[in-house]
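>>> Sequence first, then the predicted structure:
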Amino acid sequence: MNSQFCKSKKNINFTTNIRFSRKNETIKFRPMPKKYFINTLIIFSLFLVSLILVSCNIGNKKSKENVNIEDFVTEDDIFDDIDKAKKIFYSLPSPLETAMLIKSAGAEYNEELLNSLDNVTNYSTSRSLALNLGIYTTDLSFASLFDQTQTSINYMTAARKMAEGLDINDAIDNETMTRLEENLQNRDIVMDIISETFLNSSSFLKEQQRQDVAAIVLVGGWIEGLYIATQLIGDNTIKNNKLADRVLEQKLSFNIVERMLDDNRENENGEQNEDIINLISELQELKNAFDKVKVQTTQTETVENTETNVTTLKSQTTVSVSQEDFKALQLAVNNLRTSFIQ
Amino acid sequence: MRRTYYLITLVFALVFLNNIVSAQCKGFAKKICKLELIPYIHDGNYHAAILTEGEEAELYKTFYSGQDYRLAICGSDALPDIEFQVIDAYKNVLYDNTEHNKSRVWDFTLDASQQLKITVKVPNSNTESEYPASGCVAIMFGFLDEE
């Protein structure tokens, strides 16, 4: 809606005979002196133009003319009416949710899979800092969920360095570190701290109109989750493997990754965002691998538990892929993650 | 001279206004809307925008089987109660908060993972104000730690 408004070319006519009608009351205004009228008109026009620019900025909705996303499965139908709303959000699993999904699927903790802390000093570009802010935050979440206290502190420190490199002020400050150290035995508080630091980073970036960086952070964290899960599966069969199902279901989120990145192809000035374009290109191998995965969802029935006020969405999702194609998916994830942490 | 002064002041005011509005939205999400998620753990994602009466927003997200979710959608005080719907890929409306006293939260769990669309609308208020109200709308998700 906002985008349409920004694009529209409506004529606005100004007249000196202004009447404001409110209910049955009519107020007539006397014509003001010419000098004041011109001043007022200039200021009002500037204000109006600025307001439209600010409004467009807040909406931050890019033109969809260049969007070219292939249909994957029936689930893509959900995007049919996408241009109707003023603001579109694409939500990927956060690093905390990603780690939770891996753990709830029965994963075991393996510290060797985390990105080495020795790599922290290797990252200096906006792209590498953003990717590894996401990666270290997922590692931090994974370690915390398995009550790895010292590792959690170390990875919070690594995430802090990435955030500082991106000039994200105070997302993870000394107070955060102290609070983490004092509550390491209380997982709920630790998770709350991780959630808050990630919220601080993402809200700061969006506030600064750096949605592209925020998107790269999310992709880094999401790929790290995929990496940990696919490595833990290793050569095991994917049949009746809950962790493998979780990985394959990520096809649904890959769909969202593509749209989120596509929305950030250009900056506000219409210039190409090379980091995003390169990332889309790098994701091609993973896209090819996910294309081999078939995901089908049946109609949903809702059942509300009136005692708990929790609604259960009852449906069936069928995920299928050959063991060989799963191997290709594992390889694609591994290649991508290797390039991210270099 | 006076005109130049007015113009410079206006430009600065608008630039700062944008930053102030964004900061207020961030504070609203963190300090007010996040509280609606308790006892669920916030996932850490930030989805908030300034909306005006009559405007809509949409959010697309994949939800996973076996997870317990809470969806919280809040509007700042200047806005009338926010309306929202949760819609599946078949365009079935799974939840409509206008049928639940415009509740700010919805708790749900899924038998099977699926993508859902959340549509949010700021309804027109019935007040006689000449200008439509604008304010921050935040969409937040929480989940439960099963252990």
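Yep, that arrived.

>>> three-state assignment of B:Thr119?
Recorded secondary structure, B:Thr119: strand (DSSP: H, G, I helix; E, B strand; the rest coil).

>>> For B:His100, what are phi and psi?
The phi/psi pair for B:His100 (degrees, to the nearest 10) reads phi -130, psi 50.

>>> Pull the number of nearby residues for it.
Other residues within reach of B:His100, judged by other Cβ atoms under 10 Å in any protein chain shown, total 13. C-betas here are computed from N, CA, C, even on glycine.

>>> ok, now B:Tyr46?
By other Cβ under 10 Å, 27 other residues sit near B:Tyr46.

>>> Touching, it and B:Phe28? I think so.
No. Contact criterion Cβ atoms under 8 Å: B:Tyr46 and B:Phe28 do not qualify, at 11.2 Å.

>>> What is the burial count for B:Asp96?
B:Asp96: 15 surrounding residues under other Cβ under 10 Å.

>>> Please look at it and B:Ser103 and confirm they touch.
No. Applying Cβ under 8 Å, one finds B:Asp96 not in contact with B:Ser103, separated by 10.2 Å.

>>> Overlap of the contact sets of those two?
Counting by Cβ atoms under 8 Å, 6 or more residues apart in numbering or on different chains, B:Asp96 and B:Ser103 have no common neighbour.

>>> B:Met140 looks like it's in a strand, true?
Yes. Under three-state DSSP, B:Met140 sits within a strand.

>>> That one against B:Ile41, yeah?
No. Here B:Met140 does not reach B:Ile41: they are 11.0 Å apart, not a contact under Cβ under 8 Å.

>>> Need the three-state assignment for the closest residue to chain B within chain A.
When distances are taken as Cβ to the nearest Cβ, chain A reaches nearest to chain B at A:Phe198, 3.3 Å away. Following three-state DSSP, A:Phe198 is assigned to helix.

>>> Just the pLDDT for it.
According to the prediction, A:Phe198 has pLDDT 96.

>>> That one reaches A:Thr98, doesn't it?
No. Under the criterion of Cβ under 8 Å, A:Phe198 makes no contact with A:Thr98, lying 11.1 Å away.

>>> Quick check: buried residues in stretch B:70-80?
B:Arg70, B:Leu71, B:Ala72, B:Ile73, B:Cys74, B:Gly75, B:Ser76, B:Leu79, B:Pro80 (16 or more other Cβ atoms under 10 Å in any protein chain shown).

>>> I figured the third one hits B:Asp43, correct?
No. Under the criterion of Cβ under 8 Å, B:Ala72 is not in contact with B:Asp43, lying 11.2 Å apart.

>>> what do these two both touch?
Common neighbours of B:Ala72 and B:Asp43 are listed as B:Met140, B:Phe141, B:Gly142 (criterion: Cβ under 8 Å, 6+ apart).

>>> Tell me how far the first one lies from A:Ser315.
B:Met140 sits 24 Å away from A:Ser315, taking Cβ to Cβ, to the nearest Å as the criterion.

>>> and those two? which has more neighbours close in?
Shown here are B:Met140 and A:Ser315; by other Cβ under 10 Å, B:Met140 has more neighbours (26 against 21).

>>> Please report how far the more buried one lies from A:Ser203.
Where A:Ser203 is concerned, B:Met140 sits at a distance of 11 Å (Cβ to Cβ).

>>> Can you pull the residues that touch both of those two?
With Cβ under 8 Å, 6+ apart as the test, B:Met140 and A:Ser203 both reach B:Ala29.

>>> May I have the residues that are in contact with residue 102?
Just going to use chain A. Applying Cβ under 8 Å, 6+ apart, the residues contacting A:Ile102 are A:Phe142, A:Gly225, A:Ile228, A:Ala229, A:Leu232, A:Leu243, A:Arg246.

>>> Actually, chain B is the one I wanted.
Here B:Lys102 is in contact with B:Asp81, B:Ile82, B:Glu83 (criterion: Cβ under 8 Å, 6+ apart).
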